[in-house]
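1. Just to be clear, the model below is a prediction. Sequence and coordinates:
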Amino acid sequence: MLELTKIFSGDKNKAALSKDEVAKLLGTTPAALAAFEESYRKHILSTEPDGSNFFDVNAKQAAAMRTAEEITAVAKELNDRIIAELLAQTYMMTYDGAELTTRKLEPGGQPTVEKSGLPAVVENQPVTNGDIQRLPKPLRPQLSGNLMKRDMPGKSSDMLLFFYKKYLEEKNPGKKQMFYRQFRWGLDTLDLDGLTYEMLGTNPNNMGYWLPELIESVKKQDFFKVPKTQIMKVPMTLLQLSRIDYGELTSSTMDVVDRFCFQAFGLDESKNYFIKTGTYSSKYDFRNAKVAGAKEVRELGEYLLFIQHQAAMMASPLATPRFYGVSTTNEWVVREFIEDVEGNPSIYKGLPLHTEYRVFVDFDDGAVLGMNPYWDPEVMKQRFGHENDADSPHQIHDYIIYRSHEETLMKRYNENAEHIWRGIEVMLPDVNLPSQWSIDVMQNGDDFYIIDMALAENSALRRCVPQGLLKHAPENWLPRLPEPA
């Protein structure tokens, strides 16, 4: 049998076959594919990161690397009070596969404080900083329903409004773009305050913005499906944790995050879930996105926090390249996990390589603008085979897997492209959204799921839209706030 492990060395002189030759073999020999995947899992995927590059670490590895302090009874009872405070201010949007509902969560009753060693607690009295400071430092939760840890003094929104005003007023295109970047980078990274938090909610790419309109149109046809979905409007004090040093978060903080999310999302330890923020799934390391098994379900909250933190880091001065938009959200999402029924191989450290379709539409004009394979052959082979990291074991694996599966992907795409186009075209009049969007459809056997949407101008593969048709969507980052009493 071919020694497939040699291909991961990145040394072409050691490998008996080229990557394309291995791909061809795997596409026709199931036993060779199984051996290749086992070799990758055993020798590459199971190795731990050295921790030197934060973006190479996934949420589950971060949880395993964290020093965990035992949560004492006293700390747990204080955490229970904090969880109740967070639940009482949390809004949840739920799609159960048939209907979409929005509700405010209940606090679950006043937590007990018996035998806590803390002073007597008046019913509904907020947790104070004094309550938190009585605990040893490693056990101090770094939030409550009304308190949060900050990095900098002052109001972030003052700085954001300054740059946004400069952007709106500036006439010079270069300076205008500079002010816009400063605004967007700050929106993704600075400490939260009330206005900054509400600004995040104005992003139309948030799932909570477009999902209700999508569902209303899906309910009127029988071709497309949408996965069961829960969208949480994350309490501000909890979301702020994603903007401070992740390594400083205490065990009690993680205990609050995990148990709060377990209750808020109504999780079931026997189920698998797909998780993301309102704008970002981190699926390029699929171990971030798929949650399976009782332990992982119990830790799902800190996985979401980690994904949000990684996204914020992408807009920080430490990132190269530095870009905004990935963490411009105040939503966390838990969806049913769609189990693969086709036996597809996996890329991105566990992501099943389904056939997917990206469709560009103009809701204003009621027209489909273009469509492209989501896993575009030219783009994928360039990504895995010709970037600076092409000799890394993960890129070698993904190049070979993609090449071995490319013919199947394109065959399925070509067989169903017209049905997808026509199905989306029929839905357009029933979607009450402005401007141009991309719509992502995932095929799983005979089922077609609409899994994501984004503004067209923010979406990759927009080159499939005929020249001159793509338009800029109007922006307004100023939220409508309630009138003062």
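-> Okay, I see it.
2. So which residue is dead centre in this structure?
-> Nearest residue to the geometric centre of the chain (CA atoms, centre = their mean): residue 281, 2.5 Å.
3. Next, the contact list for the residue nearest to that one when sequence neighbours are not counted, please.
-> Take residue 281 and drop its neighbours on the chain: the residue closest to it by CB to CB, 6 or more residues apart in numbering is residue 289, 5.2 Å away. Bear in mind the C-beta positions are built from the backbone N, C-alpha and C, glycine included. Residues counted as contacts of residue 289 (CB atoms under 8 Å, 6 or more residues apart in numbering) are 274-276, 281-283, 351.
4. re earlier: where's the residue nearest to the centre of the chain, which helix or strand?
-> Per DSSP states H and E: residue 281 is located in neither a helix nor a strand.
5. ditto for residue 183
-> Using DSSP H and E, residue 183 sits in helix 173-189.
6. where along the stretch 51-200 of the chain do the helices fall?
-> Using DSSP state H, counting those that start in this stretch, the helices found in the stretch 51-200 of the chain span residues 59-65, 73-88, 129-133, 156-169, 173-189, 194-200.
7. Could I get those helices in a markdown table, plus columns for mean pLDDT?
-> Converted to a markdown table, those look like this (pLDDT from 0 to 100):
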| stretch | mean pLDDT |
| --- | --- |
| helix 59-65 | 87 |
| helix 73-88 | 95 |
| helix 129-133 | 96 |
| helix 156-169 | 97 |
| helix 173-189 | 97 |
| helix 194-200 | 97 |
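8. among these, which is the most enclosed?
-> Mean neighbour count (mean count of other CB atoms under 10 Å) peaks for helix 73-88 among the helices of the stretch 51-200 of the chain, with a mean of 21.
9. Quick check: residue 94 vs residue 268, distance?
-> Taking CB to CB, to the nearest Å as the measure, residue 94 falls 14 Å from residue 268.
10. Which one's more surrounded, these two?
-> Ranked by neighbour count (other CB atoms under 10 Å), residue 94 and residue 268 place residue 94 first, with 17 against 11.
11. Give the bridge partners for the more buried one, please.
-> residue 101, residue 230 (DSSP bridges).
12. List of residues touching stretch 437-446?
-> For stretch 437-446, the external contacting residues (CB under 8 Å, 6+ apart) are 210, 224, 338, 340-342, 354-361, 363, 374, 412, 416, 420, 424, 448-456, 459, 461-462.
13. So which of the residues you listed sit within helices?
-> Counted as lying in helices by DSSP state H, out of the contacts of stretch 437-446, are 210, 412, 416, 420, 424.
14. Count the residues that sit near the closest residue to the first one other than its chain neighbours.
-> Here the nearest residue to residue 210 in space, its sequence neighbours aside, is residue 453; by CB to CB, 6+ apart that works out to 4.8 Å. Other residues within reach of residue 453, judged by other CB under 10 Å, total 23.
15. Count residues in the vicinity of residue 381, would you?
-> Residues near residue 381, counting by other CB under 10 Å, number 15.
16. you'd agree it is up against residue 400?
-> No - look at residue 381 against residue 400 with CB atoms under 8 Å: they stay out of range, at 11.0 Å.
17. just the buried members of the ones in helices among the contacts of stretch 437-446?
-> Buried by 16 or more other CB atoms under 10 Å: 210, 412, 416, 420, 424, out of the ones in helices among the contacts of stretch 437-446.
18. Check which helix or strand the residue nearest to the third one when sequence neighbours are not counted maps to.
-> The shortest distance from residue 416 to any residue other than its chain neighbours is 6.6 Å, reached at residue 443 (CB to CB, 6+ apart). Remark: residue 443 resides in strand 436-444, with elements defined by DSSP H and E.
19. For the residue nearest to the centre of the chain, give its distance to residue 466.
-> Residue 281 is 29 Å from residue 466, by CB to CB.
20. With residue 363 instead?
-> 17 Å.
21. Equivalent analysis for residue 379, please.
-> Taking CB to CB, one finds residue 379 at 19 Å from residue 466.
22. does residue 323 really touch residue 314, like I thought?
-> Yes - assessed by CB under 8 Å, residue 323 is found in contact with residue 314 at 5.9 Å.
23. Which one's more surrounded, the two?
-> When residue 323 and residue 314 are compared for neighbours, residue 314 comes out ahead with 20 against 12, by other CB under 10 Å.
24. ok, that one - contacts?
-> Counted by CB under 8 Å, 6+ apart, residue 314 has contacts 188, 322-324, 326-327.
25. Among these, which one lies nearest to residue 404?
-> Nearest to residue 404 among the contacts of residue 314 is residue 326, at 30.5 Å by CB to CB.
26. Test my guess that the closest one contacts residue 279.
-> Yes - contact criterion CB under 8 Å: residue 326 and residue 279 qualify, at 6.5 Å.
27. can you tell me which residues contact the nearest residue to residue 367 once chain neighbours are set aside?
-> Closest residue in space to residue 367, ignoring its immediate chain neighbours: residue 361 at 6.9 Å, by CB to CB, 6+ apart. Listed by CB under 8 Å, 6+ apart, the contact set of residue 361 reads 367-369, 424, 428, 436-439, 456.
28. next one: residue 166
-> Counting by CB under 8 Å, 6+ apart, residue 166 makes contact with residue 179.
29. Quick check: it vs residue 33, distance?
-> Distance from residue 166 to residue 33, by CB to CB: 56 Å.
30. now swap in residue 296 and tell me
-> Distance check for residue 296 against residue 33: by CB to CB, it reads 27 Å.
31. Would you enumerate the residues in contact with residue 192?
-> Remark: with contacts taken as CB under 8 Å, 6+ apart, residue 192 is in contact with 148, 156, 236, 239-240, 243.
32. one more time with 6 Å
-> Taking CB atoms under 6 Å, 6 or more residues apart in numbering, we find residue 192 in contact with 236, 240.
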